[in-house]
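>>> What follows is a predicted protein model with its sequence.
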Amino acid sequence: MQLEVAQEKFVSEWGRLSCNWGVNKAMGQIHAFLLISADSLNCDQIMNKLEMSRGNVNMNVKNLVHWGLVKKSSVKGCRKDYYVAEKDLWKVFQLIISHRKRKELDPLLDLVKAMTPVEAKCEKSNEFCKVLKELEMFSKKAENTLNLLVKTESNWLTRPLSRMI
């Protein structure tokens with residue numbers, strides 16, 4: 001397979017897969033393109049390569065910067081903003097987990113916390129309180145696990161394996 005064909009397939013598939021991670025397809029494709037690019041790129045270069053509108057590219061690049069997956073850079077003698085993706089895939093994984101946790105799990109924890117003043121006084125309220133308690137336990141376990149993953153170094157698995165070998 002030629003490099004350009006492989007790169008196009010990677011960008012396309014990363015965009016498709018990103019929909020499962022709570023990211024729109026265009027944002028995923030832009031991230032993939034920046035991830036595999038050796039140089040920092042400006043929005044015009046991204047637009048031309050991915051055949052996307054200026055507004056779509058600008059909005060999604062801004063979101064990628066907000067997530068921490070892409071950083072602004074500058075090119076000497078050029079006034080345009082250039083962008084480069086975080087290349088450490090463990091860091092990328094941690095950033096995505098952190099963002100998804102803030103977006104999905106934290107609001108759930110807030111909701112459960114807001115509902116805890118409900119007292120179990122009858123069959124219906126007992127069932128409601130039981131579900132809330134289970135949801136709170138599950139959410140806290142998920143939060144602890146995600147926090148552990150975010151704080152873990154990239155070599156957390158390879159270091160013990162290399163010692164065994």
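Received it, and whenever you're ready, just let me know what you need.
>>> which one is the residue positioned nearest the centre of the chain nearest to, not counting chain neighbours?
Centroid-nearest residue in the chain, with C-alpha atoms, centre = their mean: residue 96, separated by 2.3 Å. Closest residue in space to residue 96, ignoring its immediate chain neighbours: residue 21 at 6.1 Å, by C-beta to C-beta, 6 or more residues apart in numbering. Heads up, the C-betas are built off the backbone N, CA and C, glycines and all.
>>> Over to residue 80?
Leaving out its chain neighbours, the residue that sits closest to residue 80 by C-beta to C-beta, 6+ apart is residue 42, at 4.4 Å.
>>> which SS class is residue 38?
coil (DSSP: H, G, I helix; E, B strand; the rest coil).
>>> Dihedrals phi and psi, it?
Main-chain dihedrals, residue 38, degrees, to the nearest 10: phi -70, psi -30.
>>> Look up how far residue 78 lies from it.
Applying C-beta to C-beta, to the nearest Å, the value for residue 38 to residue 78 is 17 Å.
>>> more neighbours, those two?
Neighbour count, other C-beta atoms under 10 Å: between residue 38 and residue 78, residue 78 has more, with 9 against 6.
>>> Is it correct that residue 100 is in contact with residue 23?
No - taking contacts as C-beta atoms under 8 Å, residue 100 lies outside contact range of residue 23: 9.4 Å.
>>> which one of those two has more residues nearby?
Each of residue 100 and residue 23 has its neighbours counted (other C-beta under 10 Å); residue 23 has more, 24 against 16.
>>> That one and residue 116, how far apart?
32 Å.
>>> could you give the mean pLDDT of the top helix by length along the chain?
Longest helix of the chain, by residue count under DSSP state H: helix 123-151. If you average the pLDDT over helix 123-151, you get 87.
>>> helices and strands around that helix, which ones?
helix 89-100, helix 106-115 (3 or more C-beta pairs under 8 Å, 6 or more residues apart in numbering; DSSP states H and E).
>>> how's the chain carved up into domains?
Domains of the chain are assigned by automatic domain parsing as 3-85, 89-164.
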